[in-house]
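# Curious how this folds, go ahead:
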Amino acid sequence: MAQVSIAEAKAGFAQLVARAEAGERIVITRHGQPVAQVSALPKALAIPYGDLAGSGIELDDDLTLPQEVIADFEGVSE
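A predicted model of the protein is given here:
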């Protein structure tokens, strides 16, 4: 676990995100006190495109998306 100040985090945010993606947990500090954490999301929270087909989730009729996106979401072949 690494600790970085808010100023360091602001200056190197992209690098911190890359480190978190690689599995590192980074604690952000303010005046030496931990206040936040940057870490990768668990794999279970990342839902691959199209994996909600058949899940019972329905799209509103007034949703403005291309028909092929809606078909992919619903698992329907055009």
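
# where does this protein have low pLDDT?
Along the chain, the parts satisfying pLDDT under 70 run over 43-53, 59, 63, 75-78.

# In it, which residue is most central in space?
For the chain, the residue sitting closest to the mean C-alpha position, by C-alpha atoms, centre = their mean, is L41 at 6.3 Å.

# Look at it and give its secondary structure.
At L41 the chain is in coil, as set by DSSP: H, G, I helix; E, B strand; the rest coil.

# how much space between it and E21?
9 Å (C-beta to C-beta, to the nearest Å). The C-beta positions use only the backbone N, C-alpha and C, and glycine is treated the same way.

# which residues in the protein form helices?
For the chain, the helices defined by DSSP state H cover 6-11, 13-21, 67-74.

# got JSON lines for these, with mean neighbour count too?
Formatted as JSON lines, the helices of the chain follow (neighbours: other C-beta atoms under 10 Å):
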{"stretch": "helix 6-11", "mean neighbour count": "13"}
{"stretch": "helix 13-21", "mean neighbour count": "14"}
{"stretch": "helix 67-74", "mean neighbour count": "14"}
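
# Many thanks, have a good one.
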